[in-house]
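[1] build me a structure from this.
(chains A, B and C)
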Amino acid sequence: MPLNLALMLDLLGVFFFAVSGSLLAARKGFDLVGSVLLGSLVGLGGGVVRDLVLNAGPPAAFSNPVYMLPPLLAAAVVYFLVGGVERVSRLVLTFDAGGLALFCITGTLKALDAGMNAAAALLLGVTTAVGGGILRDVTANRVPRVFDPQDLYAIPAFLGAGLATALWHLGWLNLATGTAAAVVVFVLRMLALKFKWHAPLAARSWASPRWRRR
Amino acid sequence: MPLNLALMLDLLGVFFFAVSGSLLAARKGFDLVGSVLLGSLVGLGGGVVRDLVLNAGPPAAFSNPVYMLPPLLAAAVVYFLVGGVERVSRLVLTFDAGGLALFCITGTLKALDAGMNAAAALLLGVTTAVGGGILRDVTANRVPRVFDPQDLYAIPAFLGAGLATALWHLGWLNLATGTAAAVVVFVLRMLALKFKWHAPLAARSWASPRWRRR
Amino acid sequence: MPLNLALMLDLLGVFFFAVSGSLLAARKGFDLVGSVLLGSLVGLGGGVVRDLVLNAGPPAAFSNPVYMLPPLLAAAVVYFLVGGVERVSRLVLTFDAGGLALFCITGTLKALDAGMNAAAALLLGVTTAVGGGILRDVTANRVPRVFDPQDLYAIPAFLGAGLATALWHLGWLNLATGTAAAVVVFVLRMLALKFKWHAPLAARSWASPRWRRR
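    Coordinates of the predicted model:
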């Protein structure tokens, strides 16, 4: 993919995740500064972890100031446009799904471009995609969404990272196929939410999990 | 600034933050080892994240053993001198403000010295200043102070990082001006605490935040 | 130590910690994906932090796919073999002690091999050993075990890291002495659990800690 398109998709992913962070900040009663910080943490955190692992100079989120724009924009959008608390949980999950779909693709491609092998790239793509959300939820003092047993969260990200790895190795990667892969991940994630798809529990023999949705 | 003075200010910042961590450890009923660990985490955590981002060799906190002294000293001070629980919350905030004031300056200067641009240096200064406190609060399982909507925390750090960037670019930086900038941040932070200054909430239209002080 | 033996001991440590993570996932009612993720976080997290600090290329956990096997195996073992919730807390602590014992040795040796000084290597060994467990507990939203005042956790790790540093500098390090050091740490940790050894509290004068075991 041309560099600018890759950057645009990455910034769009940052924006989606940042909106989910700012919405959570609003729901928790944080102030505007907390909204920018939580949005930055979720939007940029996964990518910073990825870039630290790649070990190829300072992370893009710090060296390229344009990465600060999506979190600022997200905080402004939430400040001016969010009308009430009732629809927020659903909105958080929708924007989170958008970020997840874009980041599992862009994260995998950045790792492949940096020369990592296919398995490492797949892992880094998933880390980029789920890392920001884990940081967001841990910071806001709740169990990370990715551990919700009533939900599929990491599996669509794994699928997207696998698709991106396959497209890259086959030489079929372009804006259309990359975007199509992200759309597949997003649709799968939203269907999982709607139909409450879920994976088996961690221990086969326990009937009633102690986990509670928070 | 001469290297030794910069190191002294940095170590003083580590000590202030470490005292805030050890005081929190005392209040939570942790033991002496936990006191050293939590003090190290808050005193050194922000700087380690900064040095990882700068990607210029192992972080100073690990490569230079002198950085272990302030957390050990802080744990000893808290062990021998803290008399009762009633004044501790206030003391935590005062030492935390001292660390915040020094780290937003020293963190920004380290980033500038490492060749980062002004926007990145400002961001890294704020990350250094608020990072340790976020690690401290997340580890002690409470919502980080920086998200308290009844309080200004990140804004004084932003101001200090901005002052440091300006002084550095104007060539006016020396021990006197650097210390003056830190004092401004500290005073601003203490005034914000005293007069309960705060920023607008993350969502304009919500009257009653759900956030509770913990 | 020959490279392959060091890798085997490291992978065994990853497996022990991953089992503790997957057991916690089971107890919390997470699903299988959450079990793999939490196992990976605790098994690989400490080592990733160590490798980031060493700043010598991408962390082994990402660049060498073999590191994904222990978390997958651990999740499978917990899925098929764990029969009930009653013994799980004890099992978590036993496997956690195995990981702690191996990681404080292997972490210290990796740091020494990378050219760090003795103090830094000791610190990195302890960071490797306690880092994964802190990540596990913070992510599962509970106060990290290392802060439990009724327990000794970090001190056996410090002792193991000190033993490894001494053996390395004396040139006495081989598979037998390295394993013996790990066994000493493990036995010490289990004795501390059995006899409820503990360190003094963080503040001398407070009689009744507010801390509660969770």
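[2] tell me how far the closest residue to residue A:63 other than its chain neighbours lies from residue B:46.
    Spatial nearest neighbour of residue A:63, excluding adjacent residues (CB to CB, 6 or more residues apart in numbering or on different chains): residue B:120 at 5.7 Å. (Each C-beta comes from the backbone N, C-alpha and C, glycine too.) Counting by CB to CB, to the nearest Å, the separation of residue B:120 from residue B:46 is 16 Å.
[3] for the helix or strand that residue A:95 is a member of, packing partners?
    Taking DSSP states H and E as the definition, residue A:95 sits inside helix A:88-113. Applying 3 or more CB pairs under 8 Å, 6 or more residues apart in numbering or on different chains; DSSP states H and E, we find helix A:88-113 packed against helix A:3-27, helix A:32-54, helix A:118-139, helix A:154-170, helix A:175-194.
[4] reformat the ones you listed as JSON lines; add mean pLDDT and distance to residue B:106.
    JSON lines is the format used below for the helices and strands packed on helix A:88-113 (pLDDT from 0 to 100; distance: least, CB to CB, whole Å):
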{"stretch": "helix A:3-27", "mean pLDDT": "88", "distance to residue B:106": "28"}
{"stretch": "helix A:32-54", "mean pLDDT": "92", "distance to residue B:106": "21"}
{"stretch": "helix A:118-139", "mean pLDDT": "90", "distance to residue B:106": "24"}
{"stretch": "helix A:154-170", "mean pLDDT": "94", "distance to residue B:106": "38"}
{"stretch": "helix A:175-194", "mean pLDDT": "92", "distance to residue B:106": "41"}
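[5] using TSV, lay out those together with distance to residue C:38 and mean neighbour count.
    As requested, the helices and strands packed on helix A:88-113 are arranged in TSV below (distance: least, CB to CB, whole Å; neighbours: other CB atoms under 10 Å in any protein chain shown):
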stretch	distance to residue C:38	mean neighbour count
helix A:3-27	22	24
helix A:32-54	17	26
helix A:118-139	11	25
helix A:154-170	11	21
helix A:175-194	20	17
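[6] hmm, back to that, list the buried residues in the helix holding residue A:95.
    If you call a residue buried by 16 or more other CB atoms under 10 Å in any protein chain shown, then helix A:88-113 has these buried ones: A:88, A:92-112.
[7] and stretch A:52-72, end to end?
    By CA to CA, to the nearest Å, the extent of stretch A:52-72 from end to end equals 23 Å.
[8] closest one to residue C:169 among the helices and strands packed on helix A:88-113?
    helix A:32-54 (30.4 Å; CB to CB).
[9] look up how far residue A:134 lies from residue A:32.
    Residue A:32 sits at a distance of 24 Å from residue A:134 (criterion: CB to CB).
[10] now swap in residue A:184 and tell me
    Look at residue A:184 and residue A:134: by CB to CB, they are 23 Å apart.
[11] re the thing from before, give the contact list for the residue nearest to residue A:63.
    Contact analysis of residue B:120 by CB atoms under 8 Å, 6 or more residues apart in numbering or on different chains lists A:58, A:62-63, A:65, B:111.
[12] any chance of the residues you listed in a markdown table, plus distance to residue A:144 and pLDDT?
    Listed next are the contacts of residue B:120 as a markdown table, based on distance: CB to CB, whole Å; pLDDT from 0 to 100:
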| residue | distance to residue A:144 | pLDDT |
| --- | --- | --- |
| A:58 | 27 | 90 |
| A:62 | 24 | 91 |
| A:63 | 28 | 89 |
| A:65 | 29 | 88 |
| B:111 | 30 | 93 |
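[13] got the contact list for the closest residue in space to residue A:151 that isn't next to it in sequence?
    What sits nearest to residue A:151 in space, not counting adjacent residues and going by CB to CB, 6+ apart, is residue A:198, at 6.0 Å. For residue A:198, the contact set (CB under 8 Å, 6+ apart) comprises A:149-152, A:192, C:31.
[14] are any of the residues you listed buried, and which?
    For the contacts of residue A:198, buried by 16+ other CB under 10 Å: A:149, A:151-152, A:192, C:31.
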